[in-house]
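Participant: need coordinates for the following:
(chains A and B)
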Amino acid sequence: MLSVNFIRQNKQKVIEAAKNKNREIDVDKILKLDDQRLDFIHKTQNLREERNKLSKQKIDEKLKTRGREIKVELKKFEEQLIINNQQLNELLSFVPNVPLDEVPIGKDSTDNKEIKKWGEVPKFDFAPKSHIELGKLLDVIDFKRGAKISGFRGYFLKNELAVLHFALLFYVFNKLVKNGYTPIIAPAVIKSFTLFGSGQFPWGEQDVYKLNDDDAYLAGTAEQPVTAYFSDEILAENDLPKKFVAFSPCFRKEAGAYGKDTKGLYRVHEFWKVEQVIIAKNDYDQARQLHEELQKNCEEILQELNLPYRVLLMCTGDMGEPQIKKYDTETWMPSRNNYGETMSNSIMGDFQTRRLNIKYRSKDGKVNYCFSLNNTALASPRILIAILENFQQKDGSVIIPKVLQPLVGFSRIISKNNPA
RNA sequence: GGAGGGUUGGCCGAGCGGUUUAUGGCGCAAGUCUUGAAAACUUGUGGGCUUUUGCCCUCACAGGUUCGAAUCCUGUACCCUCCGCCA
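Facilitator: Okay, here's the model as predicted:
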C-alpha cells in the first residue's frame, strides 16, 4: 500500500510505475476521493469539537436539544466518511509499488536482465532422462497414485527421495540458523489479513485455497505468516533488522497456470519451503545490502549443492505488485533444456508493512514503517528436479550431493529391481 | 463442544457516566550535569487535520443507550483456567 500523500506528491512516478508493471490505476479518482475525505474529516471534527465543549457546560434543555442535533448531523457525515474511506482504500489497494531506479523497464520475462551465471551445465554422453523417468525407474516418485489420491498435480515422494527431501530442507534451515537467522516454523493456516498484507490480495486471490466459511486460508509461502508476525506492533530500531529462516508447507491452486508445466514436480499444488524473511528499518541503502545478503545465502546453497544456476534482475513487467526490486535465481534443469526458477528474492519497501501496520521507533523517537524483504532458501520438491536430472549417471542412478550424504546416509540412488 | 475469567499507551498497571487534557511506574529518546559513563533532574514518547496557534480521534473490534462512554448494554475476535475429545 502506498500512502495517499506519497501518491499526491509523486503522481507521475506512480502512474509510470503502474504502467511499467502492466497495471491500470486511476490516480485522479484516488486524489478526488481523498479531497472528499478531508472535507468530511473537517466537518466531523468541527461537530465533535462543538459536542465536547457542550458537554463541559452546565446542562439545560436548550443544550440538550443542540446535543441531539449534533448527534444526527455527525452520524450523517460519519457514514459518508466511512463509505468514502472504503472507496478510497479499495482503489489504493490496487496501486502497485514503485520500482527502484536500477530496475530495468520491460514488458515481460523476455526483458529480464541476466546478471550472473555460475557452474557448468552438464554434458551427457548418453541420453539424459527427465526427473519423471528417473522417478519411476528409481521408484522414488509416484505420480500415478499421487493423482489418484490427491488429484491433478498430485505426487508421492518415496524411498531415498523422501529422505533426501527432508535432508535438503534441514540442511538449508540449519545453515541459515548458523548465519544468525532466527529459526521459525510458521502456520500454514492463516487469516485473510496476512494475505492482503503480503500483497497476495487483491491480485492473486484465485491462487489461494480457502477453507470452509472461516477466515482461514492455506499459505502459499511462509512469507505471508512470517511478514505478518509483527503486525500492529512498534519495534525498536536497535532490534532491527529481524532476520528469520522460516519453514512451512506451501499451497497453491495454480489457477492461472492450467496447461502449464502439467507434468512432473515443477508446478505442484503442495510443496515445502525454507524461506528467508527480513524486517528492517526504513532505509533504501540498507535494504539493498540486505537484498544482496539474501542473494548470497541462496547462491551459496546452490554452490554447495554444486548446481549450475543463473541470476536475473527482473524487469518492471515481470515483478509482482508489492516489489521494488527483485532477483530470480534459476537452476539448470536438463529436461527443460533451460534454467528454471528456484528462488525469488525481493525488496518490498514499506508496501507490506503499511498494510500490516508494522512500525519501528527510531533512535530520535520518531515512528515510521519498516521495510520488508524475502527470498527463498530452498523449495522442495522443485529443487529435486535439478538434483535428479543434473546428477544422473548413465545407468540411471543419481549421485547425492556431498554435503547431504552424511545426513541421508547414502551416496547414490540406484534403480530398484521390483518397482512397486 | 461445554463452563468460568480476562483484553487500558513500547511494557506494567490505576480508573468502572462529566475537572481524565487517560493517575502512577518501567523502558526508550533528547537536554542539563560529568573527562566519559552511571545516578539525579527536565522534557518528550499512538494516529489524523491544521501555515502557526490549536483541534479531533485512540482504552481488543463493531454496534447501541446518553446532552456526555475507557466506564452501562449487545454482538464478534483473541487470550487464560477447568471439563470433554484428540496426534
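Participant: alpha carbons only for contacts and neighbour counts from here, please
Facilitator: Fine.
Participant: A:Gly204 and RNA strand B, how far apart?
Facilitator: Here the criterion is C-alpha to the nearest atom of the strand, to the nearest Å. By it, A:Gly204 lies 24 Å from RNA strand B.
Participant: ok, that residue - contacts?
Facilitator: Counting by C-alpha atoms under 8 Å, 6 or more residues apart in numbering, A:Gly204 touches no other residue.
Participant: check A:Leu176 too.
Facilitator: A:Leu176 sits next to A:245, A:297 when contact means C-alpha under 8 Å, 6+ apart.
Participant: make sure it is indeed in a helix.
Facilitator: Yes - counting by DSSP: H, G, I helix; E, B strand; the rest coil, one finds A:Leu176 located in a helix.
Participant: where's the residue in the stretch 201-350 of chain A that RNA strand B sits nearest to, which helix or strand?
Facilitator: For the stretch 201-350 of chain A, the residue closest to RNA strand B is A:Ile234, as judged by C-alpha to the nearest atom of the strand, at 5.2 Å. In the assignment (DSSP states H and E), A:Ile234 maps to strand A:233-236.
Participant: low-scoring stretches of the stretch 51-200 of chain A, by residue?
Facilitator: Within the stretch 51-200 of chain A, no stretch falls below the threshold (pLDDT under 70).
Participant: what parts of chain A come near RNA strand B?
Facilitator: Contact residues (C-alpha under 7 Å from any atom of the strand) of chain A with RNA strand B: A:38, A:41-42, A:44-46, A:48-56, A:59, A:63-65, A:67-68, A:71, A:233-234, A:363-365, A:367-368.
Participant: on that earlier part again, I figured the residue of the stretch 201-350 of chain A closest to RNA strand B hits A:Thr353, correct?
Facilitator: No - the pair A:Ile234 / A:Thr353 is not scored as a contact, 11.0 Å apart, by C-alpha atoms under 8 Å.
Participant: the more surrounded of the two?
Facilitator: A direct count of neighbours by other C-alpha atoms under 10 Å for A:Ile234 and A:Thr353 places A:Thr353 higher, at 25 against 16.
Participant: show me the contacts for that one.
Facilitator: Per C-alpha under 8 Å, 6+ apart, neighbours of A:Thr353: A:197, A:231, A:359, A:369-372.
Participant: try it again at 6 Å.
Facilitator: By C-alpha atoms under 6 Å, 6 or more residues apart in numbering, A:Thr353 lies in contact with A:Cys370.
Participant: equivalent analysis for A:Asn338, please.
Facilitator: Contacts for A:Asn338 (C-alpha under 6 Å, 6+ apart) come out as A:Trp332.
Participant: could I get the pLDDT score of it?
Facilitator: Per-residue pLDDT puts A:Asn338 at 96.
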